[in-house]
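Participant: Curious how this folds, go ahead:
(one chain, ligands or ions: 1)
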Amino acid sequence: MAAQNPNSLNIDLPTVLIHRLPSFNFPIAARLFTHFHLLDPITSPPTSPALFHSIRALLCVGPTPVTSDTLNHLSSLQIVVGTSAGVDHIDLADCRRRNIAVTNAGTAFSEDAADYAVALLIGVLRRVSASDRYVRGGFWPVNGDYPLGFKLGAKRVGILGLGSIGSEVAKRLAAFGCSIAYFSRKKKASVSFPYYENAIDLAANSDVLIVCCALTDETQHIVSKDVMVALGKEGVIINVGRGPLVDEKQLVGFLVRGELGGAGLDVFENEPNVPKELCELDNVVLSPHCAVLTPESFEALQDVAIANLKAFFSNRPLDKAANGAHALALPVPFNLGSG
Ligand SMILES: O=CC(=O)O
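Facilitator: Sure, this is the predicted structure:
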């Protein structure tokens with residue numbers, strides 16, 4: 001992302017510091033530029049480190065870590081605007097302690113993530129990628145028809161995390177004739193799908209587990225060995241959440257030994273490294289953490305980021321009413337103070 005030269009700031013626009021690892025670009029930022037001065041220290045290092053201590057708003061690109069150390073360099077910071085749905089890369093507890101608001105992508109990515117979860121599931125059950133390899137490899141004329149896949153309709157789908165992505169997944173798979181059940185932090189009064197008290201019980205009553213909950217200390221390795229045993233030999237795991245939600249070492253073992261039916265994985269424990277055993281398996285579909293990446297979702301993301309930053313700079317609360325359908329302020333105390 002090319003940002004303005006800090007030495008030629010237009011003082012009429014509020015300043016937002018971009019926080020990104022050199023490898024992360026923010027592909028569609030055109031509209032943000034029209035509303036804010038985006039300072040990118042990677043392309044335009046500030047002439048004085050004191051500038052960092054005057055920054056009130058930070059735009060955190062992708063999973064760039066926001067640690068206590070980051071926050072120590074930004075003593076005036078009041079808001080971190082994240083550009084991903086997950087916020088596991090942001091030290092939320094420290095932000096809360098320092099009274100710094102944190103926002104995420106809200107629902108900007110939910111539909112794309114849900115579409116992708118369904119695509120991975122169909123890809124695994126119907127062996128779409130493996131069939132593609134079969135045709136391209138010239139095996140069809142030699143070996144004949146490719147082995148049968150499995151039907152999606154009537155599968156019992158267990159959703160781990162019925163937030164905005166999980167709800168979109170449920171809507172889509174219900175339309176395919178699947179039955180839906182879920183486990184979430186709490187039972188949702190507004191939802192009639194069966195609720196299970198824990199991931200093991202959900203897995204024991206499902207053919208497919210779709211993992212789309214947030215990564216927290218409580219949910220790390222929520223898909224454990226016991227969950228895999230409960231899901232059973234024909235069971236399929238789809239992960240569009242975060243790699244560490246699944247015990248990857250166990251998953252690899254279960255798949256290699258034929259103790260699970262398959263997996264569709266967009267996220268991994270040690271990205272961008274993927275266990276090589278997975279690449280050998282035709283009942284596994286792999287993708288490089290791209291479930292949410294469409295130009296349309298980046299447009300929606302800009303709406304959210306602009307709405308939250310505008311609300312912040314005009315002292316309006318960061319809530320849905322203030323920020324439109326996509327906005328979400330995470331439950332950290334938000335105090336604009338006098339700054
Ligand atoms: O993984 C993508 C996101 O959290 O937005």
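Participant: give me the element the most far-flung residue of the chain relative to its centre is part of.
Facilitator: Distance from the C-alpha centroid of the chain peaks at Val142, with 41.7 Å (Cα atoms, centre = their mean). Val142 belongs to helix 140-143 when assigned by DSSP states H and E.
Participant: Quick check: the gap between the residue of the stretch 151-300 of the chain found nearest the ligand and Ala170.
Facilitator: The ligand sits closest to Val292 of the stretch 151-300 of the chain, with a gap of 4.8 Å, by Cβ to the nearest ligand atom. For the C-beta atoms, the positions are set from N, CA and C on the backbone; glycine is no exception. Distance of Val292 to Ala170, computed by Cβ to Cβ, to the nearest Å: 18 Å.
Participant: try Val252
Facilitator: From Val252 to Ala170 the distance is 28 Å (Cβ to Cβ).
Participant: Of the two, which one has the most company?
Facilitator: In terms of neighbours (other Cβ atoms under 10 Å), Ala170 is the more surrounded of Val252 and Ala170; the figures are 22 against 18.
Participant: Could you count how many residues lie near the closest residue to the more buried one other than its chain neighbours?
Facilitator: Nearest non-adjacent residue to Ala170, counting by Cβ to Cβ, 6 or more residues apart in numbering: Ile180, 4.7 Å away. Per other Cβ under 10 Å, the neighbour tally for Ile180 reads 23.
Participant: How about the secondary structure of Ile180?
Facilitator: strand (DSSP: H, G, I helix; E, B strand; the rest coil).
Participant: ok now do it, which residues does it touch?
Facilitator: Val157, Ile159, Ala170, Leu173, Ala174, Phe193 (Cβ atoms under 8 Å, 6 or more residues apart in numbering).
Participant: what does the stretch 151-300 of the chain put close to the ligand?
Facilitator: Val292 (Cβ under 6 Å from any ligand atom).
Participant: can we see that at 8 Å?
Facilitator: Val240, Gly241, Arg242, Val267, His289, Ala291, Val292 (Cβ under 8 Å from any ligand atom).
Participant: Quick one, grab the pLDDT at the first one.
Facilitator: The predicted local distance difference test score for Val240 is 98.
Participant: cool, Thr47 as well?
Facilitator: Thr47 carries a pLDDT value of 80.
Participant: Count the residues that sit near it.
Facilitator: 9.
Participant: mind listing the strands in the stretch 51-200 of the chain by residue range?
Facilitator: 57-60, 79-82, 101-103, 156-160, 179-183 (DSSP state E, counting those that start in this stretch).
Participant: May I see the ones you listed organised as a markdown table, with mean pLDDT added?
Facilitator: Listed next are the strands of the stretch 51-200 of the chain as a markdown table, based on pLDDT from 0 to 100:
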| stretch | mean pLDDT |
| --- | --- |
| strand 57-60 | 95 |
| strand 79-82 | 94 |
| strand 101-103 | 92 |
| strand 156-160 | 98 |
| strand 179-183 | 98 |
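Participant: okay, these in JSON lines with distance to Val16 next?
Facilitator: As requested, the strands of the stretch 51-200 of the chain are exported to JSON lines (distance: least, Cβ to Cβ, whole Å):
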{"stretch": "strand 57-60", "distance to Val16": "5"}
{"stretch": "strand 79-82", "distance to Val16": "8"}
{"stretch": "strand 101-103", "distance to Val16": "13"}
{"stretch": "strand 156-160", "distance to Val16": "34"}
{"stretch": "strand 179-183", "distance to Val16": "37"}
